[in-house]
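Peer 1: Sharing a model that was predicted from the sequence below.
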Amino acid sequence: MFATCKDSCPMMEANFARIQKWLGPKLGADVRLISISVDPEMDTPTVLKEYGGRFDAKPGWYFLTGKKQNVELVLHKLGLYVENKQDHLNLFLIGNDRTGLWKKVVGVSDSEKVISAVKSVLEDKQ
């Protein structure tokens, strides 16, 4: 995501806000939501704090930025790196560190579909 995006980012963050509400007290305790800026040069911590406020982000939902080379390294590792911020992927990576189950979901999908995927990963017992 990036804070000046007018296309898919607000829709994806609105889905995160719905997931946040669905999670209730599990957010921050059992589950973390992480939004990574693909525009670290413009998206300073102050900008991202204000951006998160637009979605009523609660503790446990993190908006990450950093030095350009560090952000690019993370995005490469996650398979989400793009040269042009406008080309960012509209994917959520949903993972369960305990069981190793990971899923990709289109972040602009119907929120019920996204929540269903989160639930399946959260409840995985492998």
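Peer 2: Arrived safely, thanks for sending. Residues are numbered from 1 along each chain as shown.

Peer 1: Please count neighbours and contacts with C-alpha atoms only from this point.
Peer 2: Will do.

Peer 1: what's the lengthiest helix in the chain in contact with?
Peer 2: With residue count as the measure and DSSP state H as the assignment, the chain has helix 8-23 as its longest helix. Helix 8-23 is touched from outside by 1-3, 27, 31, 33, 55-58, 61, 90, 107-108, 111, 114-115, with contacts defined as CA atoms under 8 Å, 6 or more residues apart in numbering.

Peer 1: Compute the number of surrounding residues for the nearest residue to Val82 once chain neighbours are set aside.
Peer 2: What sits nearest to Val82 in space, not counting adjacent residues and going by CA to CA, 6 or more residues apart in numbering, is His88, at 5.9 Å. Applying other CA atoms under 10 Å, we find 17 residues neighbouring His88.

Peer 1: tell me, what residue is most central in this structure?
Peer 2: Ser35 (3.4 Å; CA atoms, centre = their mean).

Peer 1: right, and that residue touches Met1 too?
Peer 2: Yes - Ser35 is within contact range of Met1, at 6.6 Å (criterion: CA atoms under 8 Å).

Peer 1: Any regions of the protein where pLDDT drops low?
Peer 2: Counting by pLDDT under 70, the chain shows no low-confidence range.

Peer 1: Where do the helices of it begin and end?
Peer 2: Counting by DSSP H, the helices of the chain are 8-23, 45-54, 68-78, 111-122.

Peer 1: among these, which is the most enclosed?
Peer 2: For those, average neighbour numbers computed from mean count of other CA atoms under 10 Å are highest in helix 8-23, which has a mean of 19.

Peer 1: Give me the angle between it and helix 45-54.
Peer 2: On the basis of axes from the mean of the first three to the mean of the last three CA atoms, to 10 degrees, helix 8-23 is oriented at 60 degrees to helix 45-54.

Peer 1: Nothing else from me, thank you.
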